[in-house]
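>>> Sequence first, then the predicted structure, then my questions.
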Amino acid sequence: MAKNQTKDKKTGDLQNDKPQTFTRAARGPSLRDIFKPRPNKFLSLIVEQASLTLKGHELLKEFMSTESHEAATLLTETEKEADEIRRILIDELNRTFVTPIDREDIFSLSRAIDDMLDYAFSTVDEMEILKVDPTEHMVRIASLLRDAAYEIHLATQRLQKNPNVAIDHAQRAKALENRVETVYREALAELFKGPEDVKHIVKMLKKREVYRHLSNAADRGDEAGNIISNIVVKMT
């Protein structure tokens, strides 16, 4: 007979005196595991979108400072990658009956963040096509847009666990949009100060088109900030 075994008086069978131990898997999930909130797949995809948008605006800022063709190429690739993430999000949205956040808010926030990156891409694309050199105002706006994209990225990261912090970042993004508009108006005023000849007018129209794309990117950042604030109000 083994050291830790005894014989059952009724059956004569050997029994193990050592108490049985069970692993967590054998006992099943704990209460903490059961009630632990599940990751929000839609917010995860939006955070990924916002991360790519931030990367795109960092590349826009680099392009404005250096006119690097490599930065323009990387921006194109980033925009395509972000488009794919948005396609996945929309597919998930269409296949999910109940969403943790209003589906309209999910869709709108995804679209606004995607538009921010689209306008960064279209800005660089048109500058290369129209052969527009970056101006001091363009460099300043690109820097502000990068900061706005950073704030939106932080807001999406904090949205689920720290919604009030998310609102704070959203408001900062909105404030940066106001600063972009100030620089935008200064840039337009400078454009119209030049000589009234055909050559200058052509250059003016080209630059104005670029400024318009930059301004639109800021508007989408402002819109994303508004949507984030609305989501938080509904959550709390």
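Alright, I've got the coordinates.

>>> got a pLDDT number for the residue most central in space within the chain?
Centroid-nearest residue in the chain, with C-alpha atoms, centre = their mean: Ala50, separated by 1.0 Å. At Ala50, the model reports a pLDDT of 98.

>>> Which secondary structure state is assigned to it?
Under DSSP: H, G, I helix; E, B strand; the rest coil, Ala50 falls in the helix class.

>>> where does this protein dip in pLDDT?
1-39 (pLDDT under 70).

>>> Repeat the analysis, applying 90 as the threshold.
Applying pLDDT under 90 to the chain flags residues 1-41, 96-101, 160, 192-201, 235-236.

>>> Where do the helices of it begin and end?
24-27, 31-35, 41-66, 69-95, 103-130, 136-158, 163-191, 198-235 (DSSP state H).

>>> Between helix 103-130 and the fourth one, find me the angle.
Note on geometry: by axes from the mean of the first three to the mean of the last three C-alpha atoms, to 10 degrees, helix 69-95 and helix 103-130 are set 160 degrees apart in direction.

>>> got the buried residues for stretch 227-235?
Residues Ile227, Ile228, Ser229, Asn230, Ile231, Val232 are the ones in stretch 227-235 that count as buried (16 or more other C-beta atoms under 10 Å). Every residue, glycine included, has its C-beta placed from N, CA and C.

>>> go on, stretch 116-133?
Met116, Leu117, Asp118, Tyr119, Ala120, Phe121, Ser122, Thr123, Val124, Glu126, Met127, Val132.

>>> just to revisit the earlier point, quick one: residues contacting the residue nearest to the centre of the chain.
Ala50 sits next to Ile113, Ala149, Ile152, His153, Ala155, Thr156, Gln157 when contact means C-beta atoms under 8 Å, 6 or more residues apart in numbering.

>>> Mind doing that once more with 6 Å?
Contacts for Ala50 (C-beta atoms under 6 Å, 6 or more residues apart in numbering) come out as Ile113, Ile152, His153, Thr156.

>>> Surely Arg140 is in contact with Tyr184?
No. Contact between Arg140 and Tyr184 fails when scored by C-beta atoms under 6 Å: they sit 9.8 Å apart.
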